[in-house]
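> Here you go, sequence then predicted model.
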Amino acid sequence: MQTKMNKIEKYTLLNDDPVIRTFTGKWINVFDPDPETIDIKDIAHSLSFQCRFGGQLPQFYSVAQHSIWCYQEAYKMNLKPKECLAALMHDASEAYLIDVPRPIKYKLNEYKVIEDSLMKTIAIIFNFDYPLSKDVKNIDEIALHTEWNFLMLGKSERIHIYSQEYAEQYFLDIFKNLTK
């Protein structure tokens, strides 16, 4: 059964516009983001379905769970709520750009420019500071090593792996709590 495409869908597919369709059905141009197209549900869903480390892990571990881990560390450090939100949202652009492992990301010249532009828009919409604070950057770095040491090397603290559905809902619950 063939479904009817609306005018925008046909136009986008035919003209190769730089937009992607999101989980909630929105169209977003990541090169020139419209704040109206950014949705926390799309962010939580996408991050919960993306595997960290480019999927090079023995088991699935989501970017959403990584973001939750960063939030939890910020909370334990008694950072201000706005910084805790930044810790949760620090990888939000990856919902639209995907999680590219660092060594590759650093070689993609335009990626950082696109990522920064998108993150600035996301930060304005959800009211956190970008560029990220030194504390949030340090938490992200610690998370990277902790996650790798546990997930790949069996060292470090034990990490309970969340299902994709649980990570998505937990991410949304934390977000809601921080922004109420």
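Great, that's in hand.

> any idea how far Phe31 lies from Thr37?
12 Å (C-beta to C-beta, to the nearest Å). Where you see a C-beta, it was placed from the backbone N, CA and C, and this is true even at glycine.

> Looking at those two now, which is surrounded by more residues?
Neighbour tally, Phe31 and Thr37, criterion other C-beta atoms under 10 Å: the higher count belongs to Thr37, 18 against 12.

> And the pLDDT at the more buried one?
The model reports Thr37 with a pLDDT of 96.

> In contact with the residue nearest to Thr37 when sequence neighbours are not counted, which residues?
Of all residues not flanking Thr37 in the chain, Ile28 sits nearest, at 4.2 Å (C-beta to C-beta, 6 or more residues apart in numbering). Counting by C-beta atoms under 8 Å, 6 or more residues apart in numbering, Ile28 makes contact with 19-20, 22, 34, 37-38, 96.

> quick one: contacts for the most centrally placed residue in the chain?
Centroid-nearest residue in the chain, with C-alpha atoms, centre = their mean: Ala92, separated by 3.1 Å. Applying C-beta under 8 Å, 6+ apart, one finds that Ala92 lies in contact with 43, 47, 67, 119, 122, 126.

> In helices, which of these fall?
Taking DSSP state H as the definition of helices, those contribute 43, 47, 67, 119, 122, 126.

> quick one: contacts for the fifth one?
What that stands for is Ile122. Contact analysis of Ile122 by C-beta under 8 Å, 6+ apart lists 33, 38, 43, 89, 92-93, 130.

> quick one on the thing from earlier: may I ask which helix or strand encompasses the residue nearest to the centre of the chain?
Here Ala92, judged by DSSP states H and E, is contained in no helix and no strand.

> separation between it and Thr24?
According to C-beta to C-beta, Ala92 and Thr24 sit 15 Å apart.

> go on, Leu172?
13 Å.

> Find residues that contact each of those two.
With C-beta under 8 Å, 6+ apart, Leu172 and Thr24 have common neighbours Lys41.
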